[in-house]
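> Dropping the sequence and predicted coords here.
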Amino acid sequence: MSMRIISFSEVRFTRDILLGKKTQTIRPLWKGFRLPLGGMTSKEDVELILKKPIHKVGDKVKLVYKQRGYPSDMWFCGTCGKTKYSGELQPDGTIKIKSFHVECNCGTREDFPKHFATAEITDVFEIEMENAGTTILREKIIPIQQIRVLHKTEPIYKFDNFPDLFAKADGFKNFEDMFQWFDKAYDLSQPKRFAVYRWKLI
């Protein structure tokens, strides 16, 4: 049975994974939307069709960069993430280049292959994120950015440190940076459910 794949589209995440800084990924847990028979009058009328997490603890997974659109032997620039060549890693650590596909103009030698790491899933749990509007605190309007951990009996971190530590484990600077990224990508004006997969490199 072939290993499942977790794909990434941002080159910064591949670097952080290989350096051990990014140790988890957050993935949507819905496969579509359901509208009421009478038609939609507001966003609250839209019902998410949920799905279950596809990975479980103990699974071996391939971590790849840009799964779709590129051949399995493609190598990319570690700085800009653009293509450089097709090649095969040799036992002595050298790369046998088959053909060039140079989109990169960085001039760096920090290349990495499409399948850049293999990992074992160590933890799986669900979260729900929601941008719940704003509130006034000490005469300042601040966003209410909520994250709820679902179906997990053990605490992830000490509560006071949870938001930023959680975000850094996912490759972001802090919780606000992470929340803004997900809000832009998935519109968190309504609660959205995600799976969190954590791993160790093997």
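Arrived safely, thanks for sending.

> Walk me through the domains of the chain.
4-62+119-201, 71-113 (automatic domain parsing).

> And these, which one averages the lowest pLDDT?
When these are compared by mean pLDDT, domain 4-62+119-201 comes last with a mean of 82.

> Endpoints of that domain, how far apart?
15 Å (C-alpha to C-alpha, to the nearest Å).

> now do stretch 50-58
Using C-alpha to C-alpha, first and last residues of stretch 50-58 are 23 Å apart.

> so what's the residue lying closest to Gly78 once chain neighbours are set aside up against?
In space, Gly78 comes closest to Glu110 once its chain neighbours are excluded; the distance is 3.3 Å by C-beta to C-beta, 6 or more residues apart in numbering. C-beta here means a position set from N, CA and C on the backbone, and glycine is covered the same way. By C-beta atoms under 8 Å, 6 or more residues apart in numbering, the contact set of Glu110 is 77-79.

> PyMOL command for the buried members of those?
Selection command for PyMOL covering only the buried members of the contacts of Glu110, criterion 16 or more other C-beta atoms under 10 Å:
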select buried, resi 77+78
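
> Please narrow the contacts of Glu110 to those residing in strands.
If you go by DSSP state E, the contacts of Glu110 have Cys77 in strands.

> CSV please, covering the contacts of Glu110 and showing distance to Glu88.
Listed next are the contacts of Glu110 as CSV, based on distance: C-beta to C-beta, whole Å:
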residue, distance to Glu88
Cys77, 18
Gly78, 18
Thr79, 22
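
> Surely Lys184 forms part of a strand?
No. Remark: Lys184 does not belong to a strand; assigned using DSSP: H, G, I helix; E, B strand; the rest coil, it is helix.

> who's in contact with the residue sitting nearest the centre point of the chain?
Computing the C-alpha centroid of the chain and ranking residues by C-alpha atoms, centre = their mean puts Thr25 first, at 3.9 Å. Taking C-beta under 8 Å, 6+ apart as the criterion, Thr25 is in contact with 6, 8, 170, 196-197.

> List the beta-bridge partners for it.
In this structure, Thr25 bridges to Tyr197 when assessed by DSSP bridges.

> can you tell me how far it sits from Glu47?
Note on Thr25: its distance to Glu47, by C-beta to C-beta, to the nearest Å, is 25 Å.

> and the residue lying closest to Leu63 once chain neighbours are set aside, what helix or strand is that in?
Nearest-residue entry for Leu63: Ala117, 4.2 Å, with adjacent residues in sequence omitted and distances by C-beta to C-beta, 6+ apart. Assigned by DSSP states H and E, Ala117 belongs to strand 115-137.

> quick one: the helices in this structure?
11-18, 162-169, 175-186 (DSSP state H).

> Mind checking those helices for the one nearest to Asn131?
Between Asn131 and the helices of the chain, the shortest separation by C-beta to C-beta is 5.2 Å, and it involves helix 175-186.
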